[in-house]
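Trainee: Need a 3D model of the sequence below.
(one chain, ligands or ions: 1)
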Amino acid sequence: MSVPIVSTLAELRATVAAWRSRGLRIAVVPTMGALHEGHLSLVRAALAECDRVVVTLFVNPKQFNSAADLAAYPRTEREDAAKLAPLGAHMLYVPGVDEIYPEGFATTISVSGVSEGLCGAHRPGHFDGVATVVAKLFLQTGADLAFFGEKDFQQLHVVRRLVRDLDIPIGIVACPTVRENDGLAMSSRNVRLLAVERRAAPRLAGILFETAEQLSKGAPVGTALAQAESAIVAAGFEEVEYLDLRGEDDLAPLTTVDRPARLLVAAMLGGTRLIDNVKVSPSQAAMSDPTKFKKVA
Ligand code: PAF
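Mentor: Got it, this is the predicted structure:
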């Protein structure tokens, strides 16, 4: 069995219209290819919820900050199609640049607030590129549901805000980060790590989980973050771009864990930028003190 590959908007629209005429429910899983188990978990989740699943593969030039990073991004379309076939995905949409950004394309979608800080502060324009391409992919596929991984936690917030603000009729489904056996969050960028770097990389997740546990037990946030940052550098990372505690529901900076939170990190290892995040639960004491715990809808 193989997955049909579609490269034009006209063919995508005709196929989707035929599915719609049969009342089928459609999912989209946006990707930039180089598929790994994290992406495949999104496809499985989509197949469980919908009758038809479109996986998109578009290495979006507008979300890269450097031409070198764009050029180095892994492109493995044939292998990606082979990975999708046994799952039963119904289409791999691989548009050319002209199908997404035709001659004269002049629109940029910019989501303020949640795009700022964290990755937004270190990758100027990145989330404008993400928001613009994601809006196009939602409108082109006309899907009912879209599936995203929690590893890109800020991206998830940007996409949720985008569909709310623009009334795009699509549901956003968040799926848990998939990790290697040693804890490293799966990422298409992991293939760039040299053997020695690959051995050091899982410490990032290890330090995040250890710090999240300390924070949940009431450790002071400033001290815990400073210690974690030193530990990341001691593990061989050359730079910690950010290590921050944010509200789970709004990404607001937190100085105490008085509501469900996320600990988010971006760090450079041998020139490869790794990001990760873990949940931080408020301690039972904070939860049971009604003056401290802000209830999340
Ligand atoms: O997460 C990604 O792979 C990309 O940012 C996305 C959502 C496919 C948009 O290009």
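Trainee: When you work out contacts or count neighbours from here on, use the C-alpha atoms and nothing else.
Mentor: Fine.
Trainee: and the host helix or strand of Ala81, average pLDDT?
Mentor: Take DSSP states H and E as the rule and Ala81 turns out to sit in helix 77-84. Over the span of helix 77-84, the pLDDT mean works out to 97.
Trainee: Can you list the strands that the helix or strand just after it pairs with?
Mentor: Per DSSP H and E, the first helix or strand lying C-terminal to helix 77-84 is strand 91-93. With DSSP bridges as the test, strand 91-93 is paired with strand 5-6 (parallel), strand 52-57 (parallel).
Trainee: Leaving out chain neighbours, which residue sits closest to the closest residue to the ligand within the stretch 1-150 of the chain?
Mentor: Going by C-alpha to the nearest ligand atom, the ligand is nearest to Thr31 of the stretch 1-150 of the chain, at 3.6 Å. In this structure, Thr31 finds its nearest non-sequential neighbour in Leu57, 5.1 Å apart by C-alpha to C-alpha, 6 or more residues apart in numbering.
Trainee: Likewise for Leu204?
Mentor: For Leu204, the closest residue by C-alpha to C-alpha, 6+ apart turns out to be Ile232, at 6.3 Å.
Trainee: try Ser110
Mentor: Asp128 (4.8 Å).
Trainee: show me the contacts for the one you found.
Mentor: 62-63, 108-111 (C-alpha atoms under 8 Å, 6 or more residues apart in numbering).
Trainee: among those residues, which two are most distant?
Mentor: The distance between the two most remote of the contacts of Asp128 (C-alpha to C-alpha) is 14.7 Å, for Lys62 and Val111.
Trainee: before we move on, back to that, hmm, Met91 and the residue nearest to Thr31 touching each other?
Mentor: No - distance between Leu57 and Met91: 10.5 Å, which falls outside the contact criterion (C-alpha atoms under 8 Å).
Trainee: so how many other residues sit close to Glu210?
Mentor: 12 (other C-alpha atoms under 10 Å).
Trainee: mind starting the numbering at 196 from now?
Mentor: Okay, residue one is now 196; in that scheme the one you just asked about reads as Glu405.
Trainee: The ligand versus that one, what's the distance?
Mentor: 26 Å (C-alpha to the nearest ligand atom, to the nearest Å).
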